[in-house]
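>>> task: produce atomic coordinates for the following.
(2 chains)
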Amino acid sequence: MIEQHVSGTVYGVVLNDRASLARIGNDALEAAPYKGAPLAPALYIKPAGTRVPGGSVVSLPAGATAVEVGATVGLVMGRAAARLGVESALDAVAGVVLAADLSLPHASYYRPAIREKCFDGALPLGPVQPLGDLASLSLTTRIDGVVVEERSLADLLRDPARLLADVTGFMTLAEGDVLLVGVSYMAPQAVAGSRVSIHAGALGTLEFSIAGAQA
Amino acid sequence: MKRGRIAYNGAVHQVTEDQGRVRLADGRIVAEGAFQWLPPVEVGTVFALGLNYADHAKELAFKAPETPLVFLKGPNTITGHQAQTRRPADATYMHYECELAVVIGKTGKNVARADAMDIVAGYTVANDYAIRDYLENYYRPNLRVKNRDACTPLGPWLVDRDDIADPMQLALTTRVNGATTQQGSTADMIFDIPTLIAYLSSFMTLKPGDVILTGTPEGLADVKAGDVVETEVENICCLVNTIVDDQTWFANA
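Have a look, this model is predicted:
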């Protein structure tokens, strides 16, 4: 078996957990501009330039002073996959990565958040590790040693298999592509100088720090 | 010079245009039908612009944006010239979008507007299909509308930047089964090419192979299975695509 690397496109999803839906609130979801809770997975793309390894120093883009730290895990595809069934979807997954989906704060999900989510370094990733039981996985985010968020993947609306089935229902994921399983709405914020760590059980700890805008 | 990529005789070849013909690097001319067109570049990050023509923004009943409305596309959605694109059985409104595609040739970060054209390799044509039935108001236009497999034909030729005197003065034309349905000019872009490069490179590094689809003017129309859709940008190339239904697409599944 060939060891799988993250070599392709990284896709992510928002509003895939009950806590985030509760936080944004049913009234907001029903009102303009959303006019209803999402039907399909609410996806976005993290381009290649966002990926950096653990231990990195991530510089914020000019004009930004804070960044949301979206603790999540990514499913790393082991083969090309389309039209997966829920029962066998995880067979196409080679492993998982611990991920910090960094976003400049944006309260509205209405328009694509490209500057907010795609700046260089906006996706610190851990190494690819074996796929374990994600349903019982808890993620703990610390900023400067202080716990700022604890979340469990048991809270996902679409679990990894269902998410893969729904996404591959309309698009093919390639070997080496990654599907992040969801981030918290308005996740905790770090600032220039913050040291961030995300711990997730058997997946270990992903650490990085935030720096101000580069001149 | 016009450059392309084809699959021929079991391999991927870079080709050039020679008096309308396709020429391999060793000089052989290959006939249309004897090879398959591939996108003219192996794409990196693909950016697309929404509402970047004032007339189109009005057509969709939107106010023109104050900052570029950019979304990203994955490599799964890119396909070549003369390819087929699927119209799902449940779609009621699927439209083409003829766009000038700008291909990046050099790495650039924090590129000033005045220097932006220095990192451009050249231009090609994109047809950025959308299936409006799947529109949702989350990161709109959402991926289910815009990132479907083979829904973004690109090509056939990459035209060198220096061969185009003014990319902001090019006619765009779409024909469906030979009838003209969309006409516009790149002169009507809200955010021009240098502005887009300066904007994107202000927060992310642009790399060779990255592609910017610069948006489409008004003149959208529904396309049905069997339609032959030609999207053409003056002096760049004409990109041809055929719409197929689920029965054809999945015939051998």
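
>>> switch to C-alpha atoms for all contacts and neighbour counts from now on
OK.

>>> residues contacting the residue of the stretch 1-150 of chain B found nearest chain A?
Going by Cα to the nearest Cα, chain A is nearest to B:Y139 of the stretch 1-150 of chain B, at 4.1 Å. Going by Cα atoms under 8 Å, 6 or more residues apart in numbering or on different chains, B:Y139 touches A:42-44, A:109-113.

>>> closest one of those residues to B:Y8?
Closest approach to B:Y8 among those (Cα to Cα): A:Y44, at 35.0 Å.

>>> give me the pLDDT for B:F203.
According to the prediction, B:F203 has pLDDT 96.

>>> go on, the one 5 residues further on?
Per-residue pLDDT puts B:P208 at 98.

>>> also A:M1?
A:M1 is given a pLDDT of 43.

>>> can you check B:G122 too?
Looking at B:G122, its pLDDT reads 98.

>>> my guess is it contacts B:D160. True?
Yes: taking contacts as Cα atoms under 8 Å, B:G122 lies within contact range of B:D160: 4.4 Å.

>>> tell me where the chain has helices.
Just going to use chain A. For chain A, applying DSSP state H gives helices covering A:18-24, A:26-30, A:114-118, A:160-167.

>>> I was thinking of chain B, sorry if that wasn't clear
Here chain B has its helices, by DSSP H, at B:54-59, B:143-146, B:193-201, B:246-249.

>>> count the residues that sit near B:F62.
Residues near B:F62, counting by other Cα atoms under 10 Å in any protein chain shown, number 12.

>>> for it, grab phi and psi.
Main-chain dihedrals, B:F62, degrees, to the nearest 10: phi -120, psi 150.

>>> does B:T180 touch B:T173 like I think?
Yes: counting by Cα under 8 Å, B:T180 does reach B:T173; the two are 7.1 Å apart.

>>> those two: which is more packed in?
More neighbours surround B:T173 than the other of B:T180 and B:T173, with 22 against 14 (other Cα under 10 Å).

>>> how about the nearest residue to A:E116, chain neighbours excluded?
If the residues on either side of it in the chain are set aside, A:E116 comes closest to A:L104, at 4.4 Å by Cα to Cα, 6 or more residues apart in numbering or on different chains.

>>> just give me the neighbour total for that neighbour.
24.

>>> distance check, it against chain B.
11 Å (Cα to the nearest Cα, to the nearest Å).

>>> residues in contact with that residue?
Here A:L104 is in contact with A:64, A:66-68, A:115-117 (Cα under 8 Å, 6+ apart).

>>> can you pick the most crowded of the residues you listed?
That'd be A:K117 among the contacts of A:L104, by other Cα under 10 Å, with 25 neighbours.

>>> I'd like the distance between that residue and A:P188.
Computed with Cα to Cα, to the nearest Å, the distance linking A:K117 and A:P188 is 15 Å.

>>> ok, B:E136 next?
Counting by Cα to Cα - B:E136 and A:P188 are separated by 26 Å.

>>> between these two, who's got more neighbours?
Applying other Cα under 10 Å to B:E136 and A:P188 shows that B:E136 carries more neighbours, namely 23 against 19.

>>> pull the number of nearby residues for residue 146.
As the question left the chain open, I've gone with chain A. 11.

>>> switch to chain B, please.
24.

>>> would you agree it is in contact with B:K73?
Yes: assessed by Cα under 8 Å, B:K146 is found in contact with B:K73 at 7.4 Å.

>>> which members of the contacts of B:Y139 occur in strands, if any?
Judged by DSSP state E, the subset of the contacts of B:Y139 located in strands is A:42-44.

>>> related to what we said a few turns ago, pick the most deeply packed of the helices of chain B.
helix B:143-146 (a mean of 24; mean count of other Cα atoms under 10 Å in any protein chain shown).

>>> CA atoms of that one as PDB?
Output of helix B:143-146 as PDB, limited to C-alpha atoms (Å, rounded to 0.1, in the frame of the first residue of the first chain):
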ATOM      1  CA  LEU B 143     -20.200  24.400  -5.400                       C
ATOM      2  CA  ARG B 144     -23.300  22.300  -6.300                       C
ATOM      3  CA  VAL B 145     -24.100  25.000  -8.900                       C
ATOM      4  CA  LYS B 146     -20.500  25.700 -10.100                       C
END
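
>>> now it, how far from the chain's geometric center?
Relative to its parent chain, helix B:143-146 has a centroid offset of 15 Å by Cα atoms, centre = their mean, to the nearest Å.

>>> near chain A, anything from that helix?
Yes: judged by Cα under 8 Å from any Cα of the partner chain, helix B:143-146 and chain A are in contact via B:143-144.

>>> which helices and strands sit right next to that helix?
strand B:130-131 (3 or more Cα pairs under 8 Å, 6 or more residues apart in numbering or on different chains; DSSP states H and E).

>>> listing partners with orientation, what would you give for the strand it packs on?
If you go by DSSP bridges, strand B:130-131 pairs up with strand B:94-95 (antiparallel).

>>> what does stretch B:246-253 contact?
B:86-89.

>>> of these - the most surrounded one?
B:R87 (24 neighbours).

>>> point out where chain A drops to low pLDDT.
Along chain A, segments meeting pLDDT under 70 span A:1-2, A:214-215.
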